[in-house]
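**Student:** This is the structure alone, sequence omitted:
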């Protein structure tokens, strides 16, 4: 069994190697999934993404801040069933609107410089997800958990 430190290192490695994640929101109990470019903090406490305020995911987040985020290393090959790693993060989302916004945008744009015009648009929101739990799945069925102490 892996230690907490080993699990955290696996989480960081996957977050660094992947550019996209699926964010699941809900409204009235109906789940809704969206693909987003993301960045995670080194301490694994937060994940950030940018979205237009006119999107369904943003509207859903205003109504219910609970989210799940899926990050996956698969490349759509048969080998993925034995080699791919998936992480589901559960947490609470909120919009960053204060002095932190620029620092977070700097972190986000360091990973996604090609999204600068979009991310800095006044119509876009910077979303912070306060991670609560991580569920790491590898080798198709091996599940490990890591929980953030708040």
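**Tutor:** Structure received. This structure is a prediction, so every number in the text was calculated from the model and none was measured.
**Student:** Is residue 68 in contact with residue 93, as I believe?
**Tutor:** No - taking C-beta atoms under 8 Å as the definition, residue 68 is not a contact partner of residue 93, at 10.3 Å. Placement of C-beta: from N, CA and C, glycine included.
**Student:** what about those two, which has more around it?
**Tutor:** A count of neighbours by other C-beta atoms under 10 Å puts residue 93 above the other of residue 68 and residue 93, at 24 against 18.
**Student:** Enumerate every residue touching residue 65.
**Tutor:** By C-beta atoms under 8 Å, 6 or more residues apart in numbering, the contact set of residue 65 is 92-94.
**Student:** Sticking with residue 101, tell me its helix or strand.
**Tutor:** helix 100-111 (DSSP states H and E).
**Student:** Helices along the protein, start to end?
**Tutor:** 4-17, 56-63, 80-83, 100-111, 116-119 (DSSP state H).
**Student:** coming back round to it: between the contacts of residue 65, which is nearest residue 50?
**Tutor:** Distance to residue 50 across the contacts of residue 65 (C-beta to C-beta) is lowest for residue 93, with 12.3 Å.
**Student:** That closest one bridge partners, please.
**Tutor:** Counting by DSSP bridges, residue 93 forms beta bridges with residue 129.
**Student:** buried ones in stretch 18-35?
**Tutor:** For stretch 18-35, burial by neighbour count (16 or more other C-beta atoms under 10 Å) applies to 18, 21, 23-26, 34.
**Student:** Farthest-apart pair in these, please.
**Tutor:** 18 and 26 (23.4 Å).
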